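Visitor: When you get a sec, could you give me coordinates for this:
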Amino acid sequence: MRTSRRFIIIAGIMGALLPTCMLAQAGDTVTTTVATTRAGTGTVQAPAPTQTDSAKRATTRDADPQTVTLPDGEEKSLLSKFTVVLDAAQIFQSLSQRNDAGTLPDLTPGFQAAVGNAHIYATIVPGLDMYAEFYLSSKHHAGFLMDREGYLLVDSLPEFANIFGINRLFRVIDVKAGHFEVDYGNQHLTRSDNAEVQRNPLIGNYVVDPNTVEAGVEVTAHLRALRVLGGVGNGGTVEDFQPGHKLSMHGKVWVEPKSKQYNVAASFYRVNQSANPTSANGGSFTEMFSGNRSGSRYSGVLGLTDPEAGQLKIGQGQNLEAWQLDGTTRGAGFTLSGLFGNANDMDINGSNPGTPDERWSYYGGEVKYDVLPIAYLVGRYSGAHTGMYKGTSANARVDRLQFGLGWWLASPILVKTEYVTQRYRGFSQDFVGDPRFHGLLLEASASVAF
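Guide: Residues are numbered from 1 along each chain as shown. Predicted structure coming up:
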């Protein structure tokens, strides 16, 4: 049933979009920069621009329902130029696990459930882009369509909306508004997100994998190679208007030249939901470190049925303060990158009595070498250490080591293999007995755009 449901979902999306695609082919095509997403920006071919809803208030419809006339008499097509991207991924895993007590069950080799993503990029008018992303199927919601992101990106306004010369400001800033992935750190730009896996050279992500989506606003200033970003979010993945709920704040500063030979970044994130009811009592919390919508890449490990098994979750997202430093350099076929971060949840009980805290440092480094234009080798280490775990003094750590290779069979098809080993040490609760797992994974993915 789940497999057939996925095909029905994909067929429905294709059926809904195909008539518009056919109409769009009749228009002129132009090259445009699509909306900024977790993967950054890209250049696509799309039909001629259209109008925003606000612009339509200053326009009159022609007899032809597919055109609109601006106040100056210029005629424009109502068809938005857009690109649809479909991703699909499948993993085969053969993992082994054990702990000091020998109580972890054996894992049988097998296939994980296939997953899929759909992305829609649309340019309303030049400078106004819309983006939406959906999970066609995921670890948390196998066989069900789930929304993930939807936002508007503004880097200029149409001339008739250029009141007080505001476009002079948009020469140096971009504004993103909607429900989007918070721009914290750099690793979220290259992580595997459900079926969007081709930007990650390995199969698994970093053992600490900060990422979340929130409703909010981000403003980015562009000052040559320097970028400065500030944002305000809802402080959780869902709306919450209960007493004690607070908004989140985040910021990022990075330097990256046009050559993209290097990138250096610093990020921070802050939210305090400790006066809000706990999630068990209907309150909200941030999932920046304490949850992951796309799930883990290693199924069934540590004897858990949790879709995020094997991924280290920090705190409860109640009173979180975090920062992260990132660096990347490229040259001679090599890409070297690393990160170091700190995350403190200063009240994991939320509105419940007591204020136990949890403190972590996390870190990692990656080396990738392009052996051929269609093949590469890659290795990554990532780990985390805690001195205070669930309100108790601790000296515990988690380490993950990954080695892999990738091979492009065709421009939209990537095959990856990975060896992973992960171990927990020093825990007096939850991960008692130094549990660990290791083994091989094989992933095939496809990403097509139309």
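
Visitor: ok, Thr386 touching Asp345?
Guide: No: using C-beta atoms under 8 Å as the test, Thr386 is too far from Asp345 to be in contact (10.8 Å). All C-beta atoms are positioned from the backbone trio N, CA, C, and that covers glycine.

Visitor: Looking at those two, which one has more neighbours?
Guide: More crowded of Thr386 and Asp345, by other C-beta atoms under 10 Å: Asp345, with 28 against 23.

Visitor: partner residues bridging that one?
Guide: Asp345 has the following beta-bridge partners by DSSP bridges: Leu320, Glu358.

Visitor: quick revisit: common neighbours of Thr386 and Asp345, please.
Guide: Residues touching both Thr386 and Asp345 (C-beta atoms under 8 Å, 6 or more residues apart in numbering): Glu358, Arg359.

Visitor: Check which helices and strands the host helix or strand of Arg270 is in contact with.
Guide: If you go by DSSP states H and E, Arg270 is part of strand 262-272. The contact analysis (3 or more C-beta pairs under 8 Å, 6 or more residues apart in numbering; DSSP states H and E) places strand 262-272 against strand 248-255, strand 319-331.

Visitor: got the contact list for Ile314?
Guide: Applying C-beta under 8 Å, 6+ apart, the residues contacting Ile314 are Val208, Phe289, Ser290, Ala343, Asp345, Glu358, Trp360, Tyr362, Ala384.

Visitor: what about the closest residue to Ser138 other than its chain neighbours, distance to Asn117?
Guide: Spatial nearest neighbour of Ser138, excluding adjacent residues (C-beta to C-beta, 6 or more residues apart in numbering): Asn194 at 5.0 Å. Distance of Asn194 to Asn117, computed by C-beta to C-beta, to the nearest Å: 5 Å.

Visitor: Return every residue with contacts to both of the two.
Guide: Common neighbours of Asn194 and Asn117 (C-beta under 8 Å, 6+ apart) are Asp87, Tyr135.

Visitor: Show me the one of the helices and strands packed on strand 262-272 that comes nearest Val432.
Guide: Val432 lies closest, by C-beta to C-beta, to one member of the helices and strands packed on strand 262-272: strand 319-331, at 25.7 Å.

Visitor: buried set for the closest one?
Guide: Using 16 or more other C-beta atoms under 10 Å as the test for burial, strand 319-331 gives Asn319, Leu320, Ala322, Trp323, Gln324, Leu325, Asp326, Gly327, Thr328, Arg330.

Visitor: And for stretch 254-263?
Guide: Trp254, Glu256, Asn263.

Visitor: now swap in stretch 263-278 and tell me
Guide: So for stretch 263-278, counting by 16+ other C-beta under 10 Å, buried means 263, 265, 267-278.

Visitor: of all those, which two lie farthest apart?
Guide: Asn263 and Pro277 (39.9 Å).

Visitor: contacting residues around stretch 176-185?
Guide: Contacts of stretch 176-185 (C-beta under 8 Å, 6+ apart): 36-38, 147, 149-154, 188, 210-220, 229, 231, 233, 248, 250, 252, 265, 267-269, 288, 322, 324, 326, 339, 341.

Visitor: For Glu418, state which of the buried residues of strand 319-331 is nearest.
Guide: Thr328 (20.5 Å).

Visitor: What is the nearest of the buried residues of strand 319-331 to Pro307?
Guide: Taking C-beta to C-beta as the measure, Pro307 lies nearest Leu320 of the buried residues of strand 319-331, at 21.8 Å.

Visitor: Pretty sure the closest one sits against Asn342.
Guide: No: Leu320 lies out of contact with Asn342 (C-beta under 8 Å); the separation is 11.1 Å.

Visitor: picking up where we left off before, can you add pLDDT and distance to Val448 and give the buried residues of stretch 254-263 back as CSV?
Guide: CSV is the format used below for those (pLDDT from 0 to 100; distance: C-beta to C-beta, whole Å):
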residue, pLDDT, distance to Val448
Trp254, 98, 31
Glu256, 95, 28
Asn263, 97, 28
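
Visitor: got those as TSV, with distance to Tyr135 columns?
Guide: Output for the buried residues of stretch 254-263, formatted as TSV (distance: C-beta to C-beta, whole Å):
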residue	distance to Tyr135
Trp254	28
Glu256	29
Asn263	28
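
Visitor: from those, which is closest to Gly110?
Guide: For these, the nearest to Gly110 is Asn263 (38.2 Å; C-beta to C-beta).

Visitor: before we move on, the earlier item: distance of the residue nearest to Ser138 from Asp434?
Guide: Per C-beta to C-beta, Asn194 is found 31 Å from Asp434.

Visitor: ok, those two, which is more surrounded?
Guide: Asn194 (23 against 15).

Visitor: which ones are touching that one?
Guide: Asp87, Ala89, Val115, Gly116, Asn117, Tyr135, Ser138, Lys139, Arg293, Ser294, Gly295.

Visitor: Of those, which one scores lowest on pLDDT?
Guide: Scanning those for pLDDT, the low point is Arg293. It has 81.

Visitor: In contact with it: list those residues for me.
Guide: For Arg293, the contact set (C-beta under 8 Å, 6+ apart) comprises Tyr135, Ser138, His140, Arg148, Asn194, Val213, Thr237, Glu287.

Visitor: Make sure it is indeed in a helix.
Guide: No: read with DSSP: H, G, I helix; E, B strand; the rest coil, Arg293 is coil and lies in no helix.

Visitor: List buried residues within the contacts of Asn194.
Guide: Of the contacts of Asn194, these count as buried by 16+ other C-beta under 10 Å: Asp87, Ala89, Val115, Gly116, Asn117, Tyr135, Ser138, Lys139, Arg293, Ser294, Gly295.

Visitor: Which ones among the residues you listed lie within helices?
Guide: Residues from these lying in helices, with DSSP state H as the criterion: none.

Visitor: Redo the buried residues of strand 319-331 as a markdown table? Include pLDDT.
Guide: Below are those laid out as a markdown table (pLDDT from 0 to 100):
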| residue | pLDDT |
| --- | --- |
| Asn319 | 90 |
| Leu320 | 93 |
| Ala322 | 97 |
| Trp323 | 98 |
| Gln324 | 98 |
| Leu325 | 98 |
| Asp326 | 98 |
| Gly327 | 98 |
| Thr328 | 98 |
| Arg330 | 96 |
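
Visitor: re the thing from before, now, the contacts of Arg293 that are in strands?
Guide: Assigned to strands by DSSP state E, the following of these qualify: Tyr135, Arg148, Val213.

Visitor: got the residues you listed as a markdown table, with distance to Phe241 columns?
Guide: Putting these into a markdown table (distance: C-beta to C-beta, whole Å) gives the following:
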| residue | distance to Phe241 |
| --- | --- |
| Tyr135 | 26 |
| Arg148 | 23 |
| Val213 | 19 |
